[in-house]
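Q: Give me a 3D structure for the following:
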Amino acid sequence: MSKSCTCKKYSALKLTRDEISIRIKDSRKIKKHLIIKSKSDKGHHLYVCEICQQLWQLSSAWNWGGKDYLFKIPEIEIEDWNLEPFISPADLVIFSASMESYFEKNKLVDSENDCKREECDKKAILKDVLCKTHFIESLQRFGLLPKSPDGKIFEPYTYNVK
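A: This next block holds a predicted model:
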């Protein structure tokens, strides 16, 4: 009996809760033709399809009860992946939702004043001395906003802090 590859059947995940839920369910089927290549210290697993050589990363979706799911990743050397696995799409979904909620309630508008951080040439936001980037970083440091997800960012998965 010959094995057939199903990698092409699975596209990049759309960054929605429903897409992550569907991929969690499909991951057991996807995993049938994958070979594990490495495991990271943070619990991610690197797999390769034994038929087409497509790389996949298994990550845990903590907001879905810690369930594991697979997603395609670009080519990477195992040593590089071990140093920093790719960012998890599920983490991006949760991060984006949290940030979106904050920005719906808080509009950060540039002022005429310069940011007070050394070597920053951006404009400070109204009613503050920091630019948007440094203001958000300070809120993240104090736990008032979620920290940016860990991992290498790659297309089509990106995020933008407003």
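
Q: which residues are contacting stretch 111-126?
A: Leu108, Val109, Asp110, Val129, Leu130, Cys131, Lys132, Thr133, His134, Phe135 (Cβ atoms under 8 Å, 6 or more residues apart in numbering). Yep, even glycine has a C-beta here, placed from its N, CA and C like the rest.

Q: how is the chain carved up into domains?
A: 11-85, 90-141 (automatic domain parsing).

Q: so which of those gets nearest Pro156?
A: Closest of the domains of the chain to Pro156 is domain 11-85, at 5.0 Å (criterion: Cβ to Cβ).

Q: Centre of the chain to that closest one, how far?
A: 12 Å (Cα atoms, centre = their mean, to the nearest Å).

Q: per-residue confidence averaged over that domain?
A: Regarding domain 11-85, the rounded mean pLDDT is 94.

Q: Endpoints of that domain, how far apart?
A: Taking Cα to Cα, to the nearest Å, domain 11-85 runs 19 Å from one end to the other.

Q: re the thing from before, what about the domains of the chain, which gets the closest to Glu155?
A: domain 11-85 (8.0 Å).

Q: circling back: most neighbours among the contacts of stretch 111-126, please name it.
A: Cys131 (23 neighbours; other Cβ atoms under 10 Å).

Q: per-residue confidence for that one?
A: The model's pLDDT for Cys131 equals 92.
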